[in-house]
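Trainee: build the 3D model from these lines:
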Amino acid sequence: MDEKRPGGGAADVAALARDLVDRLSAISASLSSGLDGSATSSPGALPSGGGPAPDFGSPRAVLENGARYVSPYLPADASLRPLKAALLRILRIVTRDQTVFNSAILEALRGTLLVADGAFRDTAAALEAARRETGAAEERALDALARSRSALEEGLRLVSDEARRDLDGERRVRAELGAEVFRTQARVDGLESDRDRLSEAAARQTEALAALEKRIEEKYGELRLLRLEWTTLRAGLKPSGTPPASPTAVAAAPAADDPLRAGLYVDFEEAFRGTEEEIRRRQGADAALFSGAPGPVADLGCGRGEFLEGLRTAGIPGIGCDANPLMAARAREKGLAVDQADLFEWLAARPDGSLGGLTAYQVVEHLPAARLFDLVELAAVKLAPRGILLFETVNPESAYAMKWFWMDLTHVRPVPAPSLARLLSASGFSGVRVDWRSPVPAAEAPPPELADDPRLGPVVRLLFGPQDYAVIGRK
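Mentor: Numbers count the residues shown, from 1 in each chain. Sure, this is the predicted structure:
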């Protein structure tokens, strides 16, 4: 029979509804997967692509087919049509409520399908618009990318050109520097060659100069020996004993037979030269100069024997003489080997070359120039080889010292240090040096900084120079 069974209408409608829901779910899932895929491929962009819009034709056909179950009908050519028609009329009475329900269900499904169809069409239109906008944005992005790429390529080309020019310039500079290095090296080689040549010449000149200096030193030694020999010959040509005094000669000390004047001179020594302790302290340091002397040390005009005391303390043999009887007696009281005698007579009586040293403190200023020459010549004869000669006297280059010079009425003339040093050198003594001593007392001296002043220094040294000096030479 072609007609549908009345009892199966509800089941068919339910099956139809389920089929419709499944189809709608599939369509929704398809759209959701399309949107998710587009979001994954391009975040924030709508799905791209030209896929077809969802097809609702099949669900619509299903609903139209299901409508036949709501009001069943018989085809015109159906077999047993009258019987079936009567049966359908009877069944309509029984299934009337079901039919109404089925009709309502079909209308609800049809409306839902229409709404979904419209929504899906709107969504498809929106997706299409989004695809078009995305395409335009993509074209704009591609255009901007193309422009950026073009600009980047142009920048790279400019940088490449600039780098190529810099490299070319660097190559030129390197080439120029290399050439300059070669030229400089050639100059350095030439300078080194000149240096070696000049060094050899300088070495030869140094050797020649050393040889010349050696010859000069030898000749100087020969000259000194000749001067010593001449000095000795001059002393030997003079008659023995004390030469007659010239009219201008002044005795170095009061006569031995004039005790009153001898006492006055002792008083002068105490008042203007210093006490025994002061003299001993000043002269004591000189004893070390004669350590290892090749014979006894003679002190001419030894006074009270202060220097001889220093020699004795140092373990150096010492002898002396003084014309003043009171002075000589005072020295002998100390157990010193001192004779009362004229220094020229006493020195002339010493064997030639027997003395290891000879000193004369504050003596030469008591002698005329001629007698000073005689004293130096006699000292050269009596000293042993390598013997030391020391003369101490007042410094005439100090105005402060000269204030005291004429306090001693027996002084004849001051002797400048350069003159006395030259006299010893010209007489054959070697290593002649001047030792300045006895500075001005601090209480009477000017501030030390004045001596360093470039303008006042020379004046300060002239006014307040050392009071004494000693000239020292070796035979």
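
Trainee: now do the helix or strand hosting Leu311: everything it contacts.
Mentor: Using DSSP states H and E, Leu311 falls within helix 306-314. If you take C-beta atoms under 8 Å, 6 or more residues apart in numbering as the criterion, helix 306-314 is touched by 276, 279-280, 283-284, 286-288, 290-291, 297, 299, 302, 317-320, 331, 334, 336-338, 359, 361. Every C-beta, even on glycine, is put in place using the N, C-alpha and C of the backbone.

Trainee: where in the stretch 251-400 of the chain is pLDDT low?
Mentor: Within the stretch 251-400 of the chain, the segments meeting pLDDT under 70 span 251-274.

Trainee: ok, so what distance separates the residue lying closest to Gly465 once chain neighbours are set aside from Arg461?
Mentor: Excluding the flanking residues, the one nearest Gly465 by C-beta to C-beta, 6 or more residues apart in numbering is Ser398, at 3.5 Å. Here Ser398 is placed at a distance of 8 Å from Arg461 (C-beta to C-beta, to the nearest Å).

Trainee: just Ala323 next, same as before
Mentor: 35 Å.

Trainee: neighbour-wise, which of those two wins?
Mentor: Neighbour count, other C-beta atoms under 10 Å: between Ala323 and Arg461, Ala323 has more, with 22 against 14.

Trainee: touching, the more buried one and Val338? I think so.
Mentor: No: between Ala323 and Val338 there is no contact, the gap being 11.3 Å when judged by C-beta atoms under 8 Å.

Trainee: next, the angle helix 306-314 makes with the biggest strand by length in the chain.
Mentor: Ranked by residue count, the top strand of the chain under DSSP state E comes out as strand 383-394. Strand 383-394 and helix 306-314 are oriented at 130 degrees to each other (axes from the mean of the first three to the mean of the last three C-alpha atoms, to 10 degrees).

Trainee: residues of strand 383-394 that come out buried?
Mentor: Residues of strand 383-394 classed as buried: Leu383, Ala384, Gly387, Ile388, Leu389, Leu390, Phe391, Glu392, Thr393, Val394 (neighbour count, 16 or more other C-beta atoms under 10 Å).

Trainee: and after it, which helix or strand comes next?
Mentor: Counting by DSSP H and E, the element that comes right after strand 383-394 along the chain is helix 399-405.

Trainee: element containing Gly473?
Mentor: Assigned by DSSP H and E, Gly473 falls in strand 468-474.

Trainee: elements contacting that strand?
Mentor: Applying 3 or more C-beta pairs under 8 Å, 6 or more residues apart in numbering; DSSP states H and E, we find strand 468-474 packed against strand 383-394, helix 417-426, strand 430-437.

Trainee: same list, these, but as a markdown table with distance to Glu365 please.
Mentor: Shown next, in a markdown table, are these (distance: least, C-beta to C-beta, whole Å):
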| stretch | distance to Glu365 |
| --- | --- |
| strand 383-394 | 5 |
| helix 417-426 | 10 |
| strand 430-437 | 15 |
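
Trainee: of the ones you listed, which is nearest Leu158?
Mentor: Leu158 lies closest, by C-beta to C-beta, to one member of these: strand 430-437, at 85.3 Å.

Trainee: list the buried residues of that closest one.
Mentor: So for strand 430-437, counting by 16+ other C-beta under 10 Å, buried means Val432, Arg437.

Trainee: what's in contact with the helix or strand following it?
Mentor: Downstream of strand 430-437, the first helix or strand assigned by DSSP H and E is helix 448-451. Helix 448-451 has contacts (C-beta under 8 Å, 6+ apart) with Leu456, Gly457, Val460, Arg461.

Trainee: please apply the same query to stretch 344-358.
Mentor: 232, 240-243, 289-290, 293-298, 300, 317, 321, 339, 371, 374-375, 378-379, 381-385, 387-390.

Trainee: from those, which land in strands?
Mentor: Val297, Ala298, Leu300, Cys321, Asp339, Leu383, Ala384, Pro385, Gly387, Ile388, Leu389, Leu390.

Trainee: rewinding a little: distance from the strand holding Gly473 to the middle of the chain?
Mentor: Taking C-alpha atoms, centre = their mean, to the nearest Å, the mean C-alpha location of strand 468-474 is offset from the chain mean by 48 Å.

Trainee: with that, I have no additional questions.
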